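> here is a sequence together with a model predicted from it:
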Amino acid sequence: MTLQVAFGLMSIRITDHDRRERLVTRHHLARTASTVDQAATGVVAMHSSDPASPYLAGWARVGGFTLDDLDRALYERRTLWRLHAMRRTLFVVPATDAAVFDAGAGRAIAARERTRLSQWLTADMSDSKASKLVEKLEDAVLELLADGVDHRTADLAEAVPDLRTEITVGAGKWAGRVPMSSRLLYILAMERKIVRARPAGSWRSSQYHWALAETWFGEAPVAIESERGRAELLSRYLASYGPVTLTDIRWWTGWTAREAHAALEAGAAERADLDASTEGFVAIGDGESPAPARPVVALLPGLDSTPMGWKERSWYLGDHAGPLFDRNGNVGPTVWLDGRIVGGWGLRPDGDVAWRLLEDIGREATLLVEAEAGNLTAWLDGTVVLPRFRTPLERELSA
């Protein structure tokens, strides 16, 4: 990182090489996180739409990581919270920052989801009847969960049969019939009234028990103003991902251009000059990160927060998008070297990690990739984890 004078003003110059070094250090790709909480904070929020992703992300960042490490943080210490936030995505976030994620992203999305539910219901009933139905079911769910016991969706539906009522969601070819429980519980969790407790199955399951958030955490969730939430969320994003472009900010947060500009003005951000004459933003006073010892090899899971942290990705992705992303922009399992993607990996039916490099990285680094794949195979111990969103190279390697 260097400083240069431009139009009489001092500006920060950050090269792609600098950005990759920051990524390795701040995202703990050399397993420098001492706890899974620190790993989650390092990436701001761990992707959890695929339930296996935060476990594999923890393994890649925390030395000696076990499945119990994440489970204890989520379900015993309760220092992490699995909730929806940016772009309606499910994340594992620090519980102390839940108000920031709510105000900065989740609250507006939850409001839109409530409106959508009302619109779907009023296609089959009057506005008044739809409103009363939602209110009745919400009250019944919250009353049941007030007993302090975690309940499965099936348990709640047995106690409140109307939760089984099927409604039509979507429109046109995307229309489908789903039980009321799937939409209402989703909204209540997004509003932080209820929380996802332990999974109903294994660590790979996306079905959870539900608990009352106030009981689960021992206090009612705190709420802050949306403007403050967006400014604080941006501050965390800049600290972990900066420098970022305005395009990155809007994509990662899901904000409008107006919201993004307002958060930049309210937050502690300053401009940075990037390669290819691109303008970026960093946190004010953001200094250089210690250069990591090289080489650093990492195997990150599908939908990991690091590759999904920027919209403009050429500086760490190169021209490897085709085999590693699906058509909807979801990333598959990736192989990293010194802060850039150099290949991908997948799991064979026998549980072995198969991998392929997409460029020549030299013998030493190749041997490190081979060793890391062997370590992951041993850690999984025969468990086969297929990403929820399959990508071309992952499908090929997993065959």
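Yep, it's here.
> what about the stretch 101-250 of the chain, any weak spots by pLDDT?
Applying pLDDT under 70 to the stretch 101-250 of the chain flags no residue at all.
> do a quick rundown of the strands in it.
Here the stretch 101-250 of the chain has its strands, by DSSP state E, counting those that start in this stretch, at 151-152, 166-169, 176-179, 194-199, 208-212.
> for Ala354, helix, strand, or coil?
strand (DSSP: H, G, I helix; E, B strand; the rest coil).
> so which helix or strand takes in Ala263?
Taking DSSP states H and E as the definition, Ala263 sits inside helix 257-266.
> flag every buried residue along that helix.
Within helix 257-266, the residues that count as buried by 16 or more other C-beta atoms under 10 Å are 259-260, 262-264. No exception for glycine: its C-beta is placed from N, CA and C like everyone else's.
> with stretch 245-259 instead?
245-246, 248-255, 259.
> and stretch 190-198, by the same measure?
By 16+ other C-beta under 10 Å, the buried positions in stretch 190-198 come out as 190-197.
> again, but for stretch 99-114
99-110, 113-114.
> stretch 392-399 now?
So for stretch 392-399, counting by 16+ other C-beta under 10 Å, buried means 393-394, 397-398.
> let's see which of these end up in helices.
Among those, the members found in helices (DSSP state H) are 393-394, 397-398.
> give me the neighbour count for Leu368.
Neighbours of Leu368 under the rule other C-beta atoms under 10 Å: 17.
> and what of Met46?
For Met46, the count of nearby residues is 29 (other C-beta under 10 Å).
> how about the helices in the stretch 1-150 of the chain?
Using DSSP state H, counting those that start in this stretch, the helices of the stretch 1-150 of the chain run over 16-26, 36-42, 53-61, 67-71, 98-101, 107-121, 127-145.
> same thing with the stretch 201-350 of the chain?
Using DSSP H, counting those that start in this stretch, helices in the stretch 201-350 of the chain cover 213-217, 226-241, 246-253, 257-266, 314-317, 321-324.
> redo the buried residues of stretch 392-399 as TSV? Include pLDDT.
Converted to TSV, the buried residues of stretch 392-399 look like this (pLDDT from 0 to 100):
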residue	pLDDT
Leu393	98
Glu394	98
Leu397	98
Ser398	96
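> rewinding a little: ok, so of the buried residues of stretch 99-114, who is nearest Ala140?
Arg114 (17.1 Å; C-beta to C-beta).
> go ahead and confirm the closest one touches Ile187.
Yes - counting by C-beta atoms under 8 Å, Arg114 touches Ile187, with 5.7 Å between them.
> tell me, what's touching these two both at once?
Counting by C-beta atoms under 8 Å, 6 or more residues apart in numbering, Arg114 and Ile187 have no contacts in common.
> out of the buried residues of stretch 245-259, flag the one nearest to Thr122.
Of the buried residues of stretch 245-259, the one sitting nearest to Thr122 (C-beta to C-beta) turns out to be Gly254, at 26.1 Å.
> which residues touch the residue lying closest to that closest one once chain neighbours are set aside?
Leaving aside its sequence neighbours, Gly254 sits nearest to Arg87 (C-beta to C-beta, 6 or more residues apart in numbering; 4.4 Å). If you count contacts by C-beta under 8 Å, 6+ apart, Arg87 has them with 105, 252-254.
> and which of those residues is nearest Glu359?
Taking C-beta to C-beta as the measure, Glu359 sits nearest to Trp252 out of these, at 26.5 Å.
> CA atoms only for the top strand by length along the chain, dumped as PDB, please.
With secondary structure taken from DSSP state E, the chain has its longest strand at strand 340-347. The C-alpha coordinates for strand 340-347 follow below in PDB (Å, rounded to 0.1, in the frame of the first residue of the first chain):
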ATOM      1  CA  ARG A 340      -6.600 -15.900  -4.900                       C
ATOM      2  CA  ILE A 341      -8.600 -18.700  -6.300                       C
ATOM      3  CA  VAL A 342      -6.600 -21.300  -8.300                       C
ATOM      4  CA  GLY A 343      -8.900 -24.300  -8.500                       C
ATOM      5  CA  GLY A 344     -11.800 -26.200  -7.000                       C
ATOM      6  CA  TRP A 345     -12.600 -29.300  -5.100                       C
ATOM      7  CA  GLY A 346     -15.400 -31.800  -4.500                       C
ATOM      8  CA  LEU A 347     -16.200 -34.900  -2.500                       C
END
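> can you name every helix or strand that that strand contacts?
Using 3 or more C-beta pairs under 8 Å, 6 or more residues apart in numbering; DSSP states H and E, the elements in contact with strand 340-347 are helix 314-317, helix 321-324, strand 334-337, strand 353-357, helix 363-380, helix 392-398.
> need the winner for burial among the helices of the stretch 1-150 of the chain.
Counting by mean count of other C-beta atoms under 10 Å, helix 53-61 has the highest mean neighbour count of the helices of the stretch 1-150 of the chain, with a mean of 26.
> tell me the angle that one makes with helix 363-380.
Here helix 53-61 runs at an angle of 130 degrees relative to helix 363-380 (axes from the mean of the first three to the mean of the last three C-alpha atoms, to 10 degrees).
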